[in-house]
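K.L.:
please find the sequence and the predicted model below.
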Number of protein chains: 2
Amino acid sequence: MSNESAIDTFLSARASLIQEDRSLRREFSSPNPPRSDKEVEADKIVRKIRAHEAATIWKEEHPSVPHPFPGMEFLTGKSIIVKTKLFEILSKMPKGALLHAHLDATVNAEYLLELAYKYDAVHIRVHEPLDASNLSTNLPEFRYLPSTEFTSLSSLTDPSYLLGSWVPLKSARNSFPSELGGQDGFDKWVVGSMTINPTEAYVTHNTITKIWQKFTSTFITSTGLIRVEPIFSAYIKQFFLSSIEDGVSYVEPRINFLNKYMVGADGQENIPHRDWLVMFDRVLNEVKEEMAQQGREGAFIGARIIYSTIRFITSEELDWYLEDCIALKKEFPHLIAGFDLVGDENELKPLIYYAKNLLRFCERQKEEGVDIPFIFHAGETLGDGTEADLNLYDAILLGTKRIGHGYSLVKHPKLMKTCREKGIAVEVCPISNEILRLTSSMPMHPLPILMNNGVPVSLSSDDPAVFGNMGLTFDYFQVLVASEITGLSTLSALARDSFEFSTLHEETKNAGLAGFEKRWEEFIDWVLEYGKV
Amino acid sequence: MSNESAIDTFLSARASLIQEDRSLRREFSSPNPPRSDKEVEADKIVRKIRAHEAATIWKEEHPSVPHPFPGMEFLTGKSIIVKTKLFEILSKMPKGALLHAHLDATVNAEYLLELAYKYDAVHIRVHEPLDASNLSTNLPEFRYLPSTEFTSLSSLTDPSYLLGSWVPLKSARNSFPSELGGQDGFDKWVVGSMTINPTEAYVTHNTITKIWQKFTSTFITSTGLIRVEPIFSAYIKQFFLSSIEDGVSYVEPRINFLNKYMVGADGQENIPHRDWLVMFDRVLNEVKEEMAQQGREGAFIGARIIYSTIRFITSEELDWYLEDCIALKKEFPHLIAGFDLVGDENELKPLIYYAKNLLRFCERQKEEGVDIPFIFHAGETLGDGTEADLNLYDAILLGTKRIGHGYSLVKHPKLMKTCREKGIAVEVCPISNEILRLTSSMPMHPLPILMNNGVPVSLSSDDPAVFGNMGLTFDYFQVLVASEITGLSTLSALARDSFEFSTLHEETKNAGLAGFEKRWEEFIDWVLEYGKV
């Protein structure tokens, strides 16, 4: 063969091999429609901007960002991300559904604190003397007290302060000493106790075990503010509204039902689970109505709850929650979307520990005539063959509808095949995985492996209030900049799959998808305009 | 179904699923023999020690090791690794063959410096004034000078020193000022210029681009000492001997033939490639004889060279090297094992740039009646769809016998299948990948994905002189501690595959394997004894 024809043969074999290797990707398969000419054009614009920004803004020196690169550590790179055109573009993109988010970490901490300031009943305390040296580790505790227990203490730091006694929130703020930053310092301290900062993630708590300790502490702190009847409704509303503003039109949050009651307006822990759902439903309808009034019905098609408890309970205790979940499903069939167990898989109980109870739960559902799919967290680990990794086998054998995280799924060829063939989507949370130290940056993230194996993926934010990745724009951004294969059509396939693998009934799902297609077309037109400037 | 029988059914389905998921692993398939009862027992001992050490030595506080965990950053964790029983065990383990190592980084820098001190002809210079603030970035340059050019300068730091002028190595050392650490400081400075330290890898050069700059500089520095006829032979000999001491019985180093000559004993650059091979052959026979004299024939069955040049040359220049390689193969058929192109794939030319020349090379081999397999570096990158990632398609289409690194191979389902079916082994270099910032630690390394997909793997050290992972014990250690699935039988499968996928002829390969089996059995007996203590 002449060298010319040899190279031609080679190039043609090469093109075929690349195509075959990528043939399972979701953007090339149904239900994703073939790309329009306009989308091809818009995709080129986005790729050009991405390449330009990779060579400019991500190569420049930035104050306090020592090693910038696209897909870098989120908490450090965020200040650069928000300056990019790519971020501006993605913030306009319709994102479909958010399928993996823990309700208690869906509203930013500053907003939550603002809500708390509205109530005189909110008190705060510390258990160790506060000083400049321990501000980042001395965590506040909050409680919404009955009026009979209100105090007139004025300061957490006065020499007369008795450790462990409650101080009204606003008084504590007003009296916060200037050497700790005064009122701003107070807000910063409280917000810091409910969020993870770059030093924690990348220096002081830079292992999975240590960052999970900090991460868990943020929930312990914020729960005293969130699980309070008057605040809870406002919190949910803000979650819905901010999601809508980011282009998310359906949410399926996990709500932690571990505590059997939340605190009522009277300061007593007396609001049972069914009332939580009543509140949720009321806010949901309120927001839908508001959107309708603004002529934006399609922008928000609903919200459903994944009932969750924590995987440190005993199997006997689990039975109570499973029955509770069934009872709620019977009363609120439109609200309960599924069941999950949450918490650090590396440290807490594996699914196999609960297997008997979970199998019985399936039988019980048949008896009660309800359908509550499992939507399990599984494989959120770097372990290979550890209990957390083995959770993937159990989740799939128990019939999980989707997999939360599934970070270690890529190690399991048989399980990836099962997910592809049975349509088990993986809720991938890129920024969460990075901050919780499963990966050090997005280029190291295994997402491309799932994609190239045709495993359906729904991008999710997990705990945006703690990580600072509010909405879905940041997660889409990190994914887009970390791959030369991923383009606009990949992102639209991800967004479509978030509807496809939601628990929505066929009719609502199709309505959601139809609305998405319309907004996607508008978005493409917008990108084409943007590209002209 | 009763809950009892439901759980039984579940557990049995679970066991099958796990088995099926792992069925492609090499330790369960030929040519690996079924495990003996003794090996099963020894494996239990090793697992027990691993679990114990994970819970003790890796959880304790260590001075200057802030976040210890098994499989942590090698340069920081090394001081803990060498204290473990697991390391002691692995250092006794027969390792099979070393298939991926760059000759110029196979002998530790201290030893190289000792060699250099033996020759008055070795001179050193700097191009910037040396002081305490720039010691780690002001790199020395070495040259073995002809006697006519010897100098009588005495110091690199004397105010009279003219930048860029040569100082005899020993004089420079003797006069190294005490504020820079005196003679020890001199050695430290020189060794530091040829190695990567923890601060460089994990702080100052903590991106792939930056660490590659440091990495490349170590080769530029050391080449002035290594590519010198009198030193070269001693260097190779030390590489062979230290490999043997670590349980490696065959090596297939890559030698960089970019420079057409090395410096001869007369200080002139006049030693052509064929003479390098003559030296290599002489040392090889010397070491074999020495081993035979010690009654340890089986401990070293040989060494073959992968002819390499650097992927920054033009395609026209490549033709010269390809012809040079053919000529050497014809003269030294037993020494030339294959051909490769090396250097940072993210920055240098992709294989496709050279495709025409490489295809013609295949034709030329037929004409000349030689067989020189490609053994390409490919996919040593975090890129997804970048040129470095696409190198994998080209390497495979060009018929590569093995893949050097193949770090991004796990993203490519079709290519992994091809590697499994065609027997293309991947030379995985765990510690290299971590220090060069492809992964932050071993638990993040994609090796388990290759293993579970049945892709043959040969563990390798890559550049032990630069990384400090001399021998193969460190790399085996990092792999063993990062997985609960991996045990002794996994390690023996890796070692066997390093023979299986070497370029050795059938007969020698089988002899190597037979010798390995004998030493493996002795090792297992040793572990059983060790376990009793």
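P.N.:
Cool, the structure landed. All values derive from a computational prediction rather than experimental measurement.

K.L.:
what sits against A:Thr76?
P.N.:
Applying CB atoms under 8 Å, 6 or more residues apart in numbering or on different chains, we find A:Thr76 in contact with A:Ser64, A:Val65, A:Pro198, A:Tyr202. Quick note: C-beta positions are derived from backbone N, CA and C, even for glycine.

K.L.:
mind doing that once more with 10 Å?
P.N.:
Shown in contact with A:Thr76 (CB atoms under 10 Å, 6 or more residues apart in numbering or on different chains): A:His62, A:Ser64, A:Val65, A:Pro66, A:His67, A:Pro68, A:Pro198, A:Thr199, A:Ala201, A:Tyr202.

K.L.:
and if you look at A:Ser489?
P.N.:
For A:Ser489, the contact set (CB under 10 Å, 6+ apart) comprises A:25-28, A:32-36, A:39-40, A:42-43.

K.L.:
dump the helix or strand where it lies to PDB, restricted to CA.
P.N.:
Element membership of A:Ser489, judged by DSSP states H and E, is helix A:488-500. The C-alpha trace of helix A:488-500 is given here as PDB (Å, rounded to 0.1, in the frame of the first residue of the first chain):
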ATOM      1  CA  LEU A 488     -24.000  22.300  24.600                       C
ATOM      2  CA  SER A 489     -25.700  19.100  23.300                       C
ATOM      3  CA  THR A 490     -24.100  17.100  26.200                       C
ATOM      4  CA  LEU A 491     -25.600  19.600  28.600                       C
ATOM      5  CA  SER A 492     -29.000  19.500  27.000                       C
ATOM      6  CA  ALA A 493     -29.000  15.700  27.200                       C
ATOM      7  CA  LEU A 494     -28.100  16.000  30.900                       C
ATOM      8  CA  ALA A 495     -31.000  18.400  31.400                       C
ATOM      9  CA  ARG A 496     -33.500  16.200  29.500                       C
ATOM     10  CA  ASP A 497     -32.400  13.100  31.500                       C
ATOM     11  CA  SER A 498     -33.100  15.000  34.700                       C
ATOM     12  CA  PHE A 499     -36.800  14.900  33.600                       C
ATOM     13  CA  GLU A 500     -36.600  11.500  32.100                       C
END
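
K.L.:
among the contacts of A:Thr76, who's most crowded?
P.N.:
A:Ala201 (23 neighbours; other CB atoms under 10 Å in any protein chain shown).

K.L.:
just the pLDDT at that one, thanks.
P.N.:
A:Ala201 is assigned 94 on the pLDDT scale.

K.L.:
same thing with A:Phe28?
P.N.:
Model confidence at A:Phe28 (pLDDT) stands at 84.

K.L.:
surely it meets A:Ala493?
P.N.:
Yes: if you go by CB atoms under 10 Å, A:Phe28 and A:Ala493 touch, sitting 8.5 Å apart.

K.L.:
point me to the residue of the stretch 1-150 of chain A nearest chain B.
P.N.:
Going by CB to the nearest CB, chain B is nearest to A:Asp21 of the stretch 1-150 of chain A, at 4.0 Å.

K.L.:
ok so, going back, could you dump the contacts of A:Thr76 into TSV with distance to chain B and secondary structure added?
P.N.:
Below are these laid out as TSV (distance: CB to the nearest CB, whole Å; DSSP: H, G, I helix; E, B strand; the rest coil):
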residue	distance to chain B	secondary structure
A:His62	14	strand
A:Ser64	15	coil
A:Val65	12	strand
A:Pro66	8	coil
A:His67	5	coil
A:Pro68	9	coil
A:Pro198	14	helix
A:Thr199	13	helix
A:Ala201	12	helix
A:Tyr202	10	helix
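
K.L.:
what helix or strand is A:Ile231 on?
P.N.:
For A:Ile231, the element it lies in under DSSP H and E is helix A:229-245.

K.L.:
in its sheet, what does the following helix or strand past that helix sit against?
P.N.:
Using DSSP H and E, the helix or strand that follows helix A:229-245 in sequence is strand A:248-251. Looking at strand A:248-251 with DSSP bridges, its partner strands are strand A:96-98 (parallel), strand A:302-303 (parallel).

K.L.:
need the winner for burial among those strands.
P.N.:
Of all the strands paired with strand A:248-251, strand A:96-98 has the most neighbours on average by mean count of other CB atoms under 10 Å in any protein chain shown, namely a mean of 30.

K.L.:
tell me the mean pLDDT for it?
P.N.:
Strand A:96-98 shows an average pLDDT of 97 in the prediction.

K.L.:
ok now that strand, how far from the chain's centre?
P.N.:
11 Å (CA atoms, centre = their mean, to the nearest Å).

K.L.:
and the next element down the chain from it?
P.N.:
helix A:109-117.

K.L.:
the following helix or strand past that next one packs against which elements?
P.N.:
The helix or strand immediately downstream of helix A:109-117 is strand A:122-125, counting by DSSP H and E. Other elements packing on strand A:122-125 under the criterion 3 or more CB pairs under 10 Å, 6 or more residues apart in numbering or on different chains; DSSP states H and E are helix A:109-117, strand A:141-144, strand A:167-168, helix A:169-174, helix A:208-226.
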